[in-house]
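coordinates for the following, if possible.
(chains A and B)
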Amino acid sequence: MASSPRALILTGFGINCEFETAYALRMGGAKTEFMHFNQLQQGSGAALEDFQILALPGGFSFGDDIQSGRVLANKFKYKLHAPLKKFVDAEKPVLGICNGFQVLVQLGILPGWNNWERKMTLARNARGRFEERWVRLRSEDSACPFARHAGVLSMPVRHGEGQVVFSSQADLKQMQDGMQIVFRYADEEGNAASAYPLNPNGSADSIAGVCNPGGNVLGLMPHPECHLRYTQSPDWTANPPVVRKKKESEGVLGKLASALGLVSKPVISEPADEGNCTVLFSNLVEYARKF
Amino acid sequence: MVRRIEVSLGTSFKDAAADALLERLKTDFGMSGLQTVRRAEVYSFEEDLEPSDAQKLAAELLSDPVNQHYSVGEPLVSDFTYAIEVGLRPGVKDNVGETAQAAAGDVLGRPLQGHVFTSMLFLFYGEFLPEKAQALAEGVLCNPLIQRWKGFAAAGISSYYASLDLPIAGASNKGSVFEIPLPADEAELERISKRRLLALSVDEMKAIRAHYQEPDVRAARAKLGLSIHPTDVELEAIAQTWSEHCKHKIFNADIAYVDKTEKTTEKKTEKTKDKKKNKQSKSSASAHSLSSSPKVIHSLFKTYIRATTESIHAAQPYLLSVFTDNAGILAMDDTWALAIKVETHNTPSALDPYGGALTGILGVNRDVLGAGMGAKPVFNTDIFCFADPNYAGTIPPRLLHPRRVFEGVRAGVERGGNASGIPTVNGSIYFDNRYLGKPLVYCGTGGLMPRKVPDPRAPNQRASQGDLDASSSTGGVVCVSHLKYHKAGDRIFMVGGRVGKDGIHGATFSSEGLHEGSPTSAVQLGDPITQKNVLDFLLASRDAGLHSGLTDDGAGGLSSSVGEMANDAGGALIHLERCPLKYPGLDPWEILLSESQERMTVAVPADKAGDFAALAVRFGVEATDIGEFESSGFLQVRYHSQVVAHLDLKFLHNGVPKMHLEAEWSEDEGLEEPDLELPSDLKVELLALLARPNICSKESVIRQYDHEVQGMSVIKPLCGASASGPSDAAVLQPIPDLSWGVVASHGLCPRFSDLDPYHMAMLALDEAVRNYVAAGGDPACWGALDNFCWPDPIVSSKNPDGKRKLAALVRTCQGLSEACKAYALPLVSGKDSMKNDYAHGSIRISVPPTLLVSLVGRIDDVERAVASDFKKAGDLIYVLGTTKDELGGSEYYALHECLGARVPQVDLKANKALYHALHAAMTDGLVASAHDCSDGGLGVALAECCIGSGFGASVKLTQVPQRAEDGASPSGPSSFLRDDKILFSESAGRFVVSVRPENKAKFEKAMEGTAFAVIGEVLENAELRIEGTRSGAPMSVPVGDLKSAHQRTITW
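Numbering: from 1, shown residues only, chains lettered A, B, ... in the order given. Below is the predicted model of the structure:
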């Protein structure tokens, strides 16, 4: 097997989901490295060439001041535009989650048309407030090679500015036609859901995540890195493991039998964890192996 | 040239906040003719911008081409009826302005000259009533304490724009230092203390005067060219260090305590069976108690807090650091430790709820960052006490309406927690109109640290300082992380934000009651992102072995942080002119005392200073070397090489005279049990209770907090399939590859203080323990934090019942200590806030004596954590613990506007056995759900278990373990408690638990020897059916009705 793809996890300035994002990518098979924006900038972004995956984690870069993602996007635009463009044009995978998605949208990498022209934004939630709740995401038949067969995933949203808005209806149409809609908010049956709270922020066409025309840049508002273990899902206690872990076998005979190796140790059978997001990360890392 | 850019949403886009404001103006301000409200963000520049630069900033940085439009140097719109612009007052931290200033540099490719100031334009369309502008601006749109506003009609637009001014701060102070002679005259000493807001008593002023008259002190000062009088810098530093806030003088005082009930109490404990009867017939006993003589308590802290932990400590090897550091530190396993701290930020939150709560949460985060060698905050908790948000009475001067306080505090915690990336996992909101004078804002933080970190005392192994990519600095040598290692010779760095006049006198100010003349400078506004950068940087510094110690710059600013660290190191010398300032014009004493936020004081070994400074640059953090630790025994402060303070550390830290206080407790003769008839329909009572502010769902608040960033949550604040059931405690799994978790809970029940604070303390602790155990916490690996918020407990003409308030404190400490000892629960950290009063003319509002008990500990395996919602139809429902006729202080009595007399008594021995048995049953996986019974009793607990799950339940009250007033267990129908009492009694030590039928035998075996019984089962059908003790149709309520009652009260 080829060596593990290397993922650069951007940090600094208020990014705060770097650890769980790195953990998710490691679970998926990547080697991860944290890098502060300033460190990346110090070498004029040359370090990017050593990586096959770029992850922009969630958080509050620059406190969401002015507009979420804008200030960090400008830093990329004015300091690291060329190396970033090179990375994207090479079709290497870029993942932006929540604030990372907002940065990609403010940069215009998403939707990624005509030299990153701005045609889409992530506006204040329709209800006007920050909100955390678990949502279902239906993966669409999209241009994104590592997210299109993920089924229905469940994960939390935690944002105040996540309402997908386009400059015009034609832009939405272009997204649809270009297979750039990767995830839609969905109901229990997996149908796209437009109403609150299933669509928590009022996004156009129930959009939760999009990709660029090439499909290698994925951005989404919800947090897939927060649903990697069944104990992270909100109602796991209703469906605990079927066979419990035992510290030791029960009773004298049991202990003897287990010491002699006559009985096998109880196995925990993890409950079916619907909507677990590890698949997204392993698919992404798998895709990155070709670079 | 351009000084102003305005940005607004395009008219085709909805602005939810503006729409909400429109509704409010129509309903609350009678402006029914108003049609639309719009908002525009305004950026004003100190630099006179070239139009092309301004255009670029507007387009690239300040607006969004997809949904916004902007104007450069001219009004964006002029078709409104009326406009109000709200901006910050000069000197108030403008976080967005600072970000814009720095970000403009990225866009223009050159640094911007001068500041950027932000403001908000509210534009009103349709019929606006200008005479209501002031009430609107100051009541809704801004807080005049930190913000200013101007209103203008459309006709006045050109004159308005012609006369714009910027809130530029700064003064022409020359950095002067004054001597302050201290005369012998006591009245004059008191005047000096008052005038300078020192909050020092005459005794304390006299002690300072005496110190400065000592021949040795005079001689030492003469040598340095200092006068015999203290400088303003010295006096201010002493006042901060000696403040109640920093020194906890009341907790360390000698207290002469008289308990006029003592005889009765003794009798009660001897003859437990007759306990209740004695309580009822107290007047006969009072004749004996008059003879009781005072008992002197030498320090409540030493007697009841520290001694309690010491008595338990030996058996608790997981306690790594208690009472000595910024936070308590507990070992979680061989490699990880948890630092935990809870603070209050009451006075600032009373003045500016948003800023007060925001700085509160950021401040306690820094306490945890400053624990040992530095811990990473992994969760926040928040508990608020407010007056009724629907309060309809008049609001005394200087106070804000409780709804505004609530919304501001909530927003502050949202900002502080969310933007810092720290989940808010546990909390509660408690209402009582006595919190009108001062809201209580408790902020807690837990932080994680590896138990071993690179040893900063190991010589720097790097070839050249500042080359961060070279090999490690310590060559693999490690030290334990829960200690600090700074010593003489280490450099002193100030790290983080710059110094301004904000927050000056915070420590002394919060040591006084709130009054009309309270200084506004005491309010600060925090910036979570500056602090996040500091946090990221200092954790990296810790892991590189670069610093030897660190502490938070909180109350008292540098005077406290350097003063405390100097005490460990043996002395310090700092140079105030090196401190970076936000704006010019600060006098030396102001620089030393400023409580400007986001700052830490860090000790760095000299051979690591270069690496430390270079790492700061990488993280975009300002770190300034302001001096060094010494072995002089003095804190010396210089300003441009002139000595402005030379303070003997022994005097500074130990010179404060001990207080001698009086406390007296007697029975409240006015207490009696109400004569309530059994209500005809208990359904009505249950629904009314569920909607009461203290019981109702806080879901709308919880969802505005990020409660699972960092991805550790196992039991979240809301549980069940509908995710709307209240959880008892938070369970987190901080290290995904390790199975143990952290459990965090709390207990708070101030209404019981009105009956007896001794029991209030036990009940608060018992509630915290129940919550903790209910979620699966191990009752053998844990620690509690005590946070006292008290009304002024010092008797005076203005505070005639001070002795009783102090006695309430004594009794609370006694109850707390007794319960902790019984449960083998060590106290690991705590804090007190003593002057939670408001005074204006004849109005005096004092908070009820309030104790928050926070609890943290460990669960061995997070897969054994338990949530409160019912899980499956057919599961058996148990009640654990005994229900008694003790509804004094209950929500049920409060619903009927009475207090009662019979306060719940905590049976420590029985409860302990029950908690350990339940924990064992949970460890064996026998418990499907568990929920504690507290506010609203069994009835509310059952309802909440149904609301979370969507399942129903059918129960029989005859089966509930109960004890009638005579102490007998029921033998026949006549001796059952009344149905309303069974349902709504708040007896301690009880749970509602559900168990799979196949686990019945095992569960009951595990619970053997404790009071428990099956009372019914979980129903598929979503209805709560309760069969009473008397014949008659069972009461039945659809779960949907329970849920809507629970959720309708707080929706904002």
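
let me see the ranges of the strands in the stretch 801-950 of chain B.
B:827-833, B:837-840, B:843-846, B:850-859, B:876-880, B:883-884, B:929-932 (DSSP state E, counting those that start in this stretch).

tabulate these (CSV), appending mean pLDDT, distance to chain A and mean neighbour count.
The C-beta positions use only the backbone N, C-alpha and C, and glycine is treated the same way. Shown next, in CSV, are the strands of the stretch 801-950 of chain B (pLDDT from 0 to 100; distance: least, CB to the nearest CB, whole Å; neighbours: other CB atoms under 10 Å in any protein chain shown):
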stretch, mean pLDDT, distance to chain A, mean neighbour count
strand B:827-833, 94, 25, 25
strand B:837-840, 90, 31, 20
strand B:843-846, 92, 32, 18
strand B:850-859, 98, 11, 28
strand B:876-880, 98, 16, 24
strand B:883-884, 96, 26, 25
strand B:929-932, 98, 8, 28
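
could you measure from the residue in the stretch 251-400 of chain B positioned nearest to chain A over to B:Asp536?
Proximity of the stretch 251-400 of chain B to chain A (CB to the nearest CB) peaks at B:Lys376, 9.4 Å away. Counting by CB to CB, to the nearest Å, the gap from B:Lys376 to B:Asp536 is 9 Å.

tell me how many other residues surround B:Ala104.
26 (other CB atoms under 10 Å in any protein chain shown).

show me what contacts it?
B:Leu57, B:Leu61, B:Leu112, B:Val116 (CB atoms under 8 Å, 6 or more residues apart in numbering or on different chains).

what residue ranges in chain A are flagged as low confidence?
Chain A contains residues with pLDDT under 70 at A:1-2, A:241-270.

more neighbours, B:Lys376 and B:Asp536?
Neighbours per residue (other CB under 10 Å) separate B:Lys376 from B:Asp536, with B:Asp536 holding more: 25 against 22.

helix, strand, or coil at the more buried one?
Using DSSP: H, G, I helix; E, B strand; the rest coil, the structure places B:Asp536 in helix.

separation between it and chain A?
Look at B:Asp536 and chain A: by CB to the nearest CB, to the nearest Å, they are 7 Å apart.

ok, and the closest non-adjacent residue to that residue?
B:Phe619 (5.7 Å; CB to CB, 6 or more residues apart in numbering or on different chains).

so what's A:Tyr185 bridging to?
A:Leu137 (DSSP bridges).

that one against A:Asn191, yeah?
No: counting by CB atoms under 8 Å, A:Tyr185 stays clear of A:Asn191, with 10.1 Å between them.

between the two, which is the more surrounded one?
For A:Tyr185 versus A:Asn191, the count of surrounding residues by other CB under 10 Å is larger for A:Tyr185: 27 against 14.

picking up where we left off before, identify the residues contacting the residue of the stretch 251-400 of chain B closest to chain A.
B:Lys376 touches B:Leu369, B:Gly447, B:Leu448, B:Met449, B:Leu535, B:Leu539, counting by CB under 8 Å, 6+ apart.

return the member of these nearest to A:Thr231.
Distance to A:Thr231, by CB to CB, is smallest for B:Leu448 among the contacts of B:Lys376, at 17.9 Å.

before we move on, which element is that closest one in?
Assigned by DSSP states H and E, B:Leu448 belongs to strand B:440-450.

from chain A, how far out is B:Val1014?
B:Val1014 is 21 Å from chain A, by CB to the nearest CB.

what residue spans form the domains of the chain?
Using chain A here. A:6-228+A:273-288, A:234-272 (automatic domain parsing).

think we crossed wires, I meant chain B
Using automatic domain parsing, the domain ranges for chain B come out as B:2-162, B:868-1052.

B:Pro793: which of these is closest?
domain B:868-1052 (20.9 Å).

show me the contacts for the residue nearest to B:Asp536.
B:Phe619 neighbours (CB under 8 Å, 6+ apart): A:Gly12, A:His36, A:Asn38, B:Asn533, B:Asp536, B:Phe537, B:Ala540.

so what's the residue count around the nearest residue to the second one once chain neighbours are set aside?
Which is A:His36. Spatial nearest neighbour of A:His36, chain neighbours left out: A:Gly12 (4.0 Å); criterion: CB to CB, 6+ apart. Residues near A:Gly12, counting by other CB under 10 Å, number 24.

ditto for B:Val140
With other CB under 10 Å as criterion, B:Val140 counts 14.

could you do A:Glu49 as well?
Neighbours of A:Glu49 (other CB under 10 Å): 12.

quick check: it touching A:Pro83?
Yes: between A:Glu49 and A:Pro83 there is a contact at 7.5 Å, judged by CB under 8 Å.

ranges for the strands of the stretch 1-150 of chain B?
So, for the stretch 1-150 of chain B - with DSSP E, counting those that start in this stretch - the strands run B:2-9, B:34-49, B:68-72, B:82-88, B:116-126, B:147-153.

CSV for the ones you listed, including distance to A:Thr237, mean pLDDT and mean neighbour count?
Shown next, in CSV, are the strands of the stretch 1-150 of chain B (distance: least, CB to CB, whole Å; pLDDT from 0 to 100; neighbours: other CB atoms under 10 Å in any protein chain shown):
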stretch, distance to A:Thr237, mean pLDDT, mean neighbour count
strand B:2-9, 43, 95, 21
strand B:34-49, 44, 96, 20
strand B:68-72, 45, 97, 19
strand B:82-88, 46, 96, 22
strand B:116-126, 45, 97, 22
strand B:147-153, 46, 94, 18
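
got the phi/psi numbers for B:Asp467?
For B:Asp467, the backbone dihedrals (degrees, to the nearest 10) come out as phi -90, psi 90.

in contact with it, which residues?
Contacts of B:Asp467 by CB under 8 Å, 6+ apart are B:Ala614.

per-residue pLDDT, it?
B:Asp467 is assigned 71 on the pLDDT scale.

over to B:Ala315?
67.

for chain B, what's the longest helix?
helix B:802-823 (DSSP state H).

thinking again about what came up before, off-centre distance for the next helix or strand after the strand holding B:Leu448?
As assigned by DSSP H and E, the chain's next helix or strand after strand B:440-450 is strand B:452-454. Mean-position distance between strand B:452-454 and its chain equals 30 Å (CA atoms, centre = their mean, to the nearest Å).

partner strands of strand B:452-454, parallel or antiparallel?
When DSSP bridges is applied, strand B:452-454 pairs with strand B:478-480 (antiparallel).

what residues sit buried inside the partner strand?
B:Cys479, B:Val480 (16 or more other CB atoms under 10 Å in any protein chain shown).

stretch B:592-608 close to chain A?
No: counting by CB under 8 Å from any CB of the partner chain, chain A is not contacted by stretch B:592-608; separation bottoms out at 11.8 Å.

show me where pLDDT drops low in the stretch 101-250 of chain B?
B:171-173.

residue of it with the smallest distance to chain A?
Taking CB to the nearest CB, the stretch 101-250 of chain B has B:Ala103 as its residue nearest chain A, at 4.5 Å.

burial of the spatially closest residue to that residue that is not a sequence neighbour, as a residue count?
Using CB to CB, 6+ apart and skipping the chain neighbours, the partner closest in space to B:Ala103 is A:Val71 (4.5 Å). Counted with other CB under 10 Å, the neighbours of A:Val71 add up to 26.

sorry, back to before: nearest to B:Pro750 among the contacts of B:Lys376?
B:Gly447 (28.0 Å).

the residue lying closest to that closest one once chain neighbours are set aside and B:Met600: what is the separation?
Of all residues not flanking B:Gly447 in the chain, B:Ala375 sits nearest, at 3.2 Å (CB to CB, 6+ apart). B:Ala375 is 13 Å from B:Met600, where distance means CB to CB.

give me the common contacts of these two.
B:Leu369.

hey, C-alpha coordinates of stretch B:590-600 in CSV?
Written as CSV, here are the backbone C-alpha positions of stretch B:590-600 (Å, rounded to 0.1, in the frame of the first residue of the first chain):
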residue,chain,number,x,y,z
GLU,B,590,-3.4,52.7,36.2
ILE,B,591,-1.0,50.6,34.1
LEU,B,592,-0.3,48.5,37.2
LEU,B,593,-4.0,48.0,38.1
SER,B,594,-5.7,47.9,34.7
GLU,B,595,-7.8,44.8,34.2
SER,B,596,-7.7,45.0,30.5
GLN,B,597,-8.6,41.5,29.2
GLU,B,598,-6.9,38.6,27.5
ARG,B,599,-3.6,39.0,29.4
MET,B,600,-1.5,36.4,31.2
